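Enquirer: Below is the sequence, then the predicted model.
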Amino acid sequence: MPTAILDLDIDNLPEAIELSDRYDKAFILLRQNKVPLGKIVVPVIDNQVITTEILSEIIASTGPALAKNMVLDYLGIDRNEHLSQSKVKATIAVCTRNRTSDLRKCIEGLLKLPDDGQEILIIDNCPSNNDTQLLVESFGSLRYVREDLPGLNNARNRALKEATHDVVAFTDDDAIPDYGWLRALMANFSGTQTACVTGLTLPLELETEGQEAFESYSPFSKGFKRVVHSMASRNPLATGQVGAGANMAIRKQIVQTIGFFDEALDAGTLTQSGGDHEFFLRILTAGYQIIYDPAALSWHRHRRTMEETKKAIWGYGVGVYAFWTRTLIEKGELGIIKLPINWFFHEQLRALIKSAIKWPGSHPFTLVWAELSGCIYGPWAYLASRKRAHKHLKNG
Amino acid sequence: MDSGCQIASVIIPTHNRKNLLQGLLSSLAQQTFPLQQMEVIVVADNCSDGTIEMLAAYNAPFRLEFTSGPGMGAATARNTGALRASGRVLIFIDDDIDPSPGLVEAHLAKHTASDVVVIGYLPLPLEEDPGFYRILLRKWWEDEFGEFLLPGHRFSYRNLLSGNFSVSRERFTQAKGFDTSFDCREDYELGARLLKGGANFVFSRDAYGYHLDTETDLKRSLGRKRKEGAADVLFALRHPDLLPDLQISKYGSLSGKESSTLSHYAFEQNKVGDFMAGHAISLMHMLEQLKLRSLWQKLSNKVHQYWYLRGAADALKSRTALDELISASSTADIKSEALKINLKLGLPEAERILDFERPSAMQLFYGDQFIGEVKAIAGAEDLRGKHLRPIIAAKFLKEMSEALALDEPFKTHLSGRLTTKFAQEK
């Protein structure tokens, strides 16, 4: 059965929340003064969630954050600083292809953000019709740019080149940013060491088996604590936990040092994904920081059918191995070799066995297998995709 | 242009960097600060690249003075410049800095009292594909400045960077300027004396200038490390109380096996040590080719430590002398009595007490509840009122929340109840 998504403020919890009878669970985001503090998943009983009955779950999930806020209030330290306007201006970029119904919702969300002088850029990547252009023009205040070279990374690079402002905030076309999203991203760009900021991405809906499977297998969320990632704090080659391209902002200037996104990677190419994580790797190995800030919240509509979810998970497997292959052969990073070994022996193999014997709480075998077979294809996908990208470049 | 007394004197020591200096002067001509109220004093130290001729012909929109001398070193050059200065505030800028247009104005804006020392920001320009050494150098450098920006940062003598800082002429003269017996670390040494004299260090990000240093590489860095080792010996003699903060204090014969091995080679077997250190560099090149970052970094630390100790050995000659230096310093008087502060007096009152007492350490209480202790840090400024709240937020969140939860139940709304319950359950 589907899961209801609830968004509650801890200072104004209703006593009970009535829900439609199709839900048997509720995914609850808990916030205090607009800032996400934690999430819980609780059962829906008699079509409702009674908050006094879930207090221990609430405390377990948000207790440390609430205690911190209490001390900050006592000290008179402004804990909502990140909600105020930053000095650095942003260009918001949405890279899209033939998905106007999602894009419309995304744009409507973007237009509700507080106006801090940001520019909104829609990059239409190799479209098969002019629907996106018509949609964008119907909103008036947006910039439409058409990028005919196929591939998400080509679209991202075009956004970096077209952007008027110093920072480019990327959102997927199937995501809806929260009101405080952009300000929270931008507030982290005060130091010159920060080249990129990523945010918290939560499911917009969990209405189907496919969406539930995706959220359980490969959630975008990296937790509710702000983390500063650098080569001092982590292996700079392992960037899976740093964030994702669906919710990230990049200081444009960094491309002068580390170069652009690799055109051979990510959606729209044989490699399916990995372009964001490969870029993060180059940021960290160049000595810069990436900050993950959960205050930068965005809601992502996961793919609805199980078939689509399976394809997405397969695509992540392809993408990870594709970008590792790239890192090994183009950057000569010998240290990358231990990542697939660790991943396979510490996680994948265990998950595969558990799912094969249907261990309670294990993931569906088809998803685990999809990811693994994606991994096997990844290196070849990269080599073939690189050949194609070079050809495009020559002809382009 | 000639007026008797300027407000700001910019002092630039230089050595054979004619082009960089010319760029610096033209950036100074673009300052937002009124040019008729500033003077620039260039001290050319043993220049043979036409610097003097360039300066003589330079048509500056501000009062420009220059003088030259034979190989005196940066400390002496800066003192020479300061002697000639007439400004109320002295701004020291190195010759490889490209000041931002607002640099002079930003320095002056912070000089609200004569005890202020302003440390300016020195970002490094972006580089295309730098090697491991430059990547880490940049990271270290920027992390240092990042620390200065933290709200509870206690400034240390090591935070005084001579490339871009300002001090009132009065203070600088009182302190008798830089100690010219140092040929590096002279800025740290001045920082130590200024802090001990009660100076108030502040950081200004707006007073920034790009540090156009493209020359520092691994080889130079190791050479510099050797000089630092020698300088730290002198430093420990001048400031025995700061020894615990100096790298050299970790290499006595009672130190760990690894430090002991390094100092054995540096002091007693330096031919073998130099040979191994040389080969370690070749190995580092190989590790960089293979992009084996953490191994490279470990080896780099070792080689740097070795050359630092070689410098210390240059100055001390024997390990016995090193041990004597360390034991002599450890008996030096270190002020570390912790002041007890009860936060129940209210935060403003607690801050007032800190500003009045300026303790080097404190113990925090909330009523009877012990919150935590802030220890004395060798070489850091004494505590101020402004440090209190950020220190509690950074170090004592848990203890503070428990104390508050026991004392002030936030009974009015749910989150108060939840927080209290959480803290009590802990």
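Expert: Yep, it's here.
Enquirer: The strand ranked longest in chain A close to chain B?
Expert: What stands out as the longest strand in chain A, according to DSSP state E, is strand A:289-300. No - Strand A:289-300 lies out of reach of chain B by Cβ under 8 Å from any Cβ of the partner chain, never closer than 8.9 Å. All C-beta atoms are positioned from the backbone trio N, CA, C, and that covers glycine.
Enquirer: So for the very next helix or strand once past that strand, mean pLDDT?
Expert: Using DSSP states H and E, the helix or strand that follows strand A:289-300 in sequence is helix A:306-331. Average pLDDT, helix A:306-331: 96.
Enquirer: Stretch B:25-45 now?
Expert: For stretch B:25-45, the per-residue pLDDT averages 96.
Enquirer: what's the span of that stretch, first residue to last?
Expert: End-to-end distance for stretch B:25-45: 17 Å, by Cα to Cα, to the nearest Å.
Enquirer: repeat for stretch A:231-249
Expert: End-to-end distance (Cα to Cα), stretch A:231-249: 19 Å.
Enquirer: How about the residues of the stretch 201-350 of chain B by chain A?
Expert: B:289, B:290, B:291, B:292, B:293, B:294, B:347.
Enquirer: quick one, what contacts the fourth one?
Expert: The neighbours of residue B:292, taking Cβ atoms under 8 Å, 6 or more residues apart in numbering or on different chains as the test, are A:334, A:335.
Enquirer: Which helix in chain A has the most residues?
Expert: helix A:365-395 (DSSP state H).
Enquirer: quick one: that one to helix A:306-331, angle?
Expert: 50 degrees (axes from the mean of the first three to the mean of the last three Cα atoms, to 10 degrees).
Enquirer: Quickly find the element holding the closest residue to chain B within the stretch 201-350 of chain A.
Expert: Chain B sits closest to residue A:287 of the stretch 201-350 of chain A, with a gap of 4.1 Å, by Cβ to the nearest Cβ. Per DSSP H and E: residue A:287 is located in neither a helix nor a strand.
Enquirer: Hmm, it is touching residue A:231, no?
Expert: Yes - assessed by Cβ atoms under 8 Å, residue A:287 is found in contact with residue A:231 at 6.3 Å.
Enquirer: Save the residues of the stretch 201-350 of chain B next to chain A as TSV, and put in pLDDT and secondary structure too.
Expert: TSV is the format used below for these (pLDDT from 0 to 100; DSSP: H, G, I helix; E, B strand; the rest coil):
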residue	pLDDT	secondary structure
B:289	92	helix
B:290	91	coil
B:291	92	coil
B:292	92	coil
B:293	91	helix
B:294	90	helix
B:347	96	helix
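Enquirer: Any of those buried? List them.
Expert: B:291, B:292, B:293 (16 or more other Cβ atoms under 10 Å in any protein chain shown).
Enquirer: Show me which of these is closest to residue B:153.
Expert: residue B:293 (28.7 Å; Cβ to Cβ).
Enquirer: Am I right that residue A:104 is in contact with residue A:135?
Expert: Yes - Residue A:104 is in contact with residue A:135 according to Cβ under 8 Å; the separation is 6.1 Å.
Enquirer: So which of these two has more stuff around it?
Expert: Legend: neighbour count by other Cβ atoms under 10 Å in any protein chain shown for residue A:104 and residue A:135, higher for residue A:135 (19 against 16).
Enquirer: and the gap between that one and chain B?
Expert: 38 Å (Cβ to the nearest Cβ, to the nearest Å).
Enquirer: residues contacting that residue?
Expert: By Cβ under 8 Å, 6+ apart, the neighbours of residue A:135 are A:100, A:103, A:104, A:107.
Enquirer: Using CSV, write down the CA coordinates of the longest strand along chain B.
Expert: Of all segments of type strand in chain B, defined using DSSP E, the longest is strand B:200-211. Coordinates of each C-alpha in strand B:200-211 appear next as CSV, following Å, rounded to 0.1, in the frame of the first residue of the first chain:
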residue,chain,number,x,y,z
ASN,B,200,43.5,43.0,19.9
PHE,B,201,43.8,40.9,16.7
VAL,B,202,41.0,41.2,14.2
PHE,B,203,40.6,39.6,10.8
SER,B,204,39.2,41.5,7.8
ARG,B,205,38.1,39.6,4.8
ASP,B,206,37.4,42.8,3.0
ALA,B,207,41.1,43.8,3.3
TYR,B,208,42.0,41.1,0.8
GLY,B,209,44.8,40.9,-1.7
TYR,B,210,45.6,38.0,-4.0
HIS,B,211,48.7,36.2,-3.1
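Enquirer: what residues does that strand touch?
Expert: With Cβ under 8 Å, 6+ apart, strand B:200-211 has contacts from B:27, B:93, B:96-100, B:102-103, B:106-107, B:109-110, B:113, B:115-125, B:141, B:145, B:148-149, B:155, B:159-160, B:163-164, B:166, B:191, B:194-195, B:381.
Enquirer: Go through it and flag the buried ones.
Expert: B:200, B:201, B:203, B:204, B:207, B:208, B:209, B:210, B:211.
Enquirer: State the pair within those residues that is farthest apart.
Expert: B:200 and B:210 (26.6 Å).
Enquirer: Give the residue spans of the stretch 251-396 of chain A that score low on pLDDT.
Expert: A:396 (pLDDT under 70).
Enquirer: Which residues are in contact with residue 20?
Expert: Looking at chain A here, since you left the chain open. Applying Cβ under 8 Å, 6+ apart, the residues near residue A:20 are A:4, A:47.
Enquirer: meant chain B actually
Expert: Shown in contact with residue B:20 (Cβ under 8 Å, 6+ apart): B:95, B:96, B:212.
Enquirer: That one: which element?
Expert: Using DSSP H and E, residue B:20 maps to helix B:18-28.
Enquirer: In that helix, which residues are buried?
Expert: B:18, B:20, B:21, B:23, B:24, B:25, B:27, B:28.
Enquirer: which outside residues touch stretch A:213-220?
Expert: A:200-203, A:206, A:244, A:246-247, A:300, A:302-303, A:306, A:309, A:312-313, A:316, A:363-364, A:367.
Enquirer: where do the helices sit along the stretch 1-150 of chain A?
Expert: A:55-75, A:100-111, A:131-139 (DSSP state H, counting those that start in this stretch).
Enquirer: can you check the stretch 151-300 of chain B too?
Expert: With DSSP H, counting those that start in this stretch as the criterion, the stretch 151-300 of chain B has helices spanning B:169-174, B:186-196, B:218-238, B:257-267, B:270-289, B:293-316.
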